[in-house]
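Trainee: This is a predicted model, with the sequence first.
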Amino acid sequence: MAEARPTQHHTPPSAGRDFAAFLTALAGRRPALFLDYDGTLTPIVDRPERARIDDATRAAVARLAALCPVAVVSGRDLDDVAGMVGLDGLVYAGSHGFDIRGPGLRTQIGLEYAPALERADSALRQRLAAVPGALVERKRFAIAVHTRLVEPGAKPAVAEAVRAVAAGEAELRVTGGKEIHELRPNLPWDKGRAVLALIDALGLGDAVPVYIGDDETDEDAFRALAGRGIGIRVMDRPAETAAEWSLGDPAEVRVFLERLAGVVG
């Protein structure tokens, strides 16, 4: 595996404003796109079910999918994100890559951790029942605790509850992101490893993997693609990132995808 690209607190050059330079990085090779969902194809919203992809972005993704490989890699459950995107023929990697489905492809990692997740889900709901705004979302391969609607003063207590529950379940580990705490199977598996596995499974060795994402969990993919692909972080302010490029928000992502479809076509 290539040496990991160092993270830096900065804003990388814009793949939108410097589109010609981005195309130079592709060097005339076919891209293979890996797209996060929340915060990338849709704006971040207060409740997960309200994150709806708009028709223009869906059309851009569909157009690209007819021209090059496209996978959606999300922390959401597989069926959830596939239903949200609503496009057949794509590869969908749900639960940060623990659950993958595509044409001729089906992979699930960590099914044996279901009992531990079930116990943790019950414990978290009991601990957080009295915290207004705390949303516990049970996924097949993870438990997400959303804090966007929690009062700032109560957020440390939510984080402590998640850590306490995790401490009682050796089979699970805590990860995080924007206003979210997650418990996942304690396995060496993440979005980065899932993307590398998909590159091999789909025979994409001749393509340039391009990963677009906005959150800490997407940094695993940026690091995994160091030296063999291109990472684009969706960010509206400087942050630590291993991505070489940036886009400001989901609206810029849509425009970028539309322009890329024009070139790939």
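Mentor: Done, it's in.

Trainee: remind me which residues of the chain are low pLDDT?
Mentor: Scanning the chain for pLDDT under 70 picks out 1-9, 265.

Trainee: Please enumerate the helices of it.
Mentor: Ranges of helices within the chain are 19-26, 55-65, 78-85, 114-128, 155-167, 191-201, 216-224, 250-264, based on DSSP state H.

Trainee: Deepest-packed of the ones you listed, please.
Mentor: Of the helices of the chain, the one with the most neighbours on average (mean count of other C-beta atoms under 10 Å) is helix 216-224, at a mean of 24. Every residue, glycine included, has its C-beta placed from N, CA and C.

Trainee: Make CSV out of the helices of the chain and add distance to P209.
Mentor: What follows is the helices of the chain, written out as CSV (distance: least, C-beta to C-beta, whole Å):
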stretch, distance to P209
helix 19-26, 11
helix 55-65, 14
helix 78-85, 19
helix 114-128, 30
helix 155-167, 32
helix 191-201, 6
helix 216-224, 9
helix 250-264, 14
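
Trainee: A239 is nearest to which of those helices?
Mentor: Ranking these by proximity to A239 (C-beta to C-beta) places helix 216-224 first, at 9.2 Å.

Trainee: Show residues contacting that closest one.
Mentor: Contact with helix 216-224 is made by 1, 4-5, 7, 34, 36, 73, 75, 96, 175-178, 190-193, 195-196, 211, 213, 231, 233, 240-243, as judged by C-beta atoms under 8 Å, 6 or more residues apart in numbering.

Trainee: So what's the residue count around the nearest residue to H10 once chain neighbours are set aside?
Mentor: Of all residues not flanking H10 in the chain, P238 sits nearest, at 5.4 Å (C-beta to C-beta, 6 or more residues apart in numbering). Residues near P238, counting by other C-beta atoms under 10 Å, number 12.
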